[in-house]
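Q: Predicted model, plus sequence, below.
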Amino acid sequence: MKLIFATNNQNKVKEFRSLLGDQFEIITLEEAGIDVDIPEPHDTLEANATEKSTTIHRMTGENCFAEDTGLEIDALNGAPGVLSARYAGEQKEAADNIVKVLKELTGKTDRSAKFRTVISLILDGKEYQFEGVSKGQITATPTGGKGFGYDPIFVPEGATQSFAEMELAEKNKYSHRARAFEKFVAFLKQTTNV
């Protein structure tokens, strides 16, 4: 079964493909010949994920899915949240976002946070959503060179390393994206009898 993934973020594609195996074929927007920058105008991850999946479904009529992920930090009242990718500006630079978060957490003792992913799947014209959450702590300084986004400053519950210090297989044991994806894959297998 072929599914268009409404993204060109190769890091996300790599994570999803590592979880999916070969039962389903994931096609990126670029591979599908779609050159569109889908807006994320909403104030919830759910609505942004829906915006992306319905846009691609309208354009192609194909089964597709999209996801939106946010880092929600308790001491910052849930920020950066839906603005995670562009927290420090429209240039969407992970390093700038990390600097801004760490600066805003200066002097705060509560470093608890969670990553939340919402997947919006459109299958045979109907939408389904799946959520995954990874709770953890924000570190005082970035560590590790793997991963992407806020991975260097997030240590998930039950781990001693940041996401950016983990190999992908290790990260997937804790990852919000992996948890949402497990529900997504279980639903696909059940629904399509793959």
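A: Looks like it came in fine. Numbering: from 1, shown residues only.
Q: Only C-alpha atoms from now on, for both contacts and neighbour counts.
A: Fine.
Q: Could you list the low-pLDDT ranges of the chain?
A: 21, 193-194 (pLDDT under 70).
Q: middle-most residue in it, spatially?
A: Centroid-nearest residue in the chain: residue 69, 3.8 Å away (criterion: C-alpha atoms, centre = their mean).
Q: So it, which state does it fall into?
A: With DSSP: H, G, I helix; E, B strand; the rest coil as the basis, residue 69 sits in strand.
Q: Return the residues in contact with it.
A: Residues counted as contacts of residue 69 (C-alpha atoms under 8 Å, 6 or more residues apart in numbering) are 45, 81, 82, 84, 115, 116, 117, 118, 177.
Q: and which of the residues you listed is nearest to residue 151?
A: Residue 151 lies nearest to residue 115 out of those, by C-alpha to C-alpha, at 10.0 Å.
Q: Could you measure from that closest one over to residue 143?
A: Separation of residue 115 from residue 143 (C-alpha to C-alpha, to the nearest Å): 17 Å.
Q: same thing with residue 49?
A: Residue 49 sits 29 Å away from residue 143, taking C-alpha to C-alpha as the criterion.
Q: quick one, which of the two is more surrounded?
A: residue 49 (24 against 17; other C-alpha atoms under 10 Å).
Q: shouldn't the more buried one be in contact with residue 117?
A: No: using C-alpha atoms under 8 Å, residue 49 is not in contact with residue 117, being 9.3 Å away.
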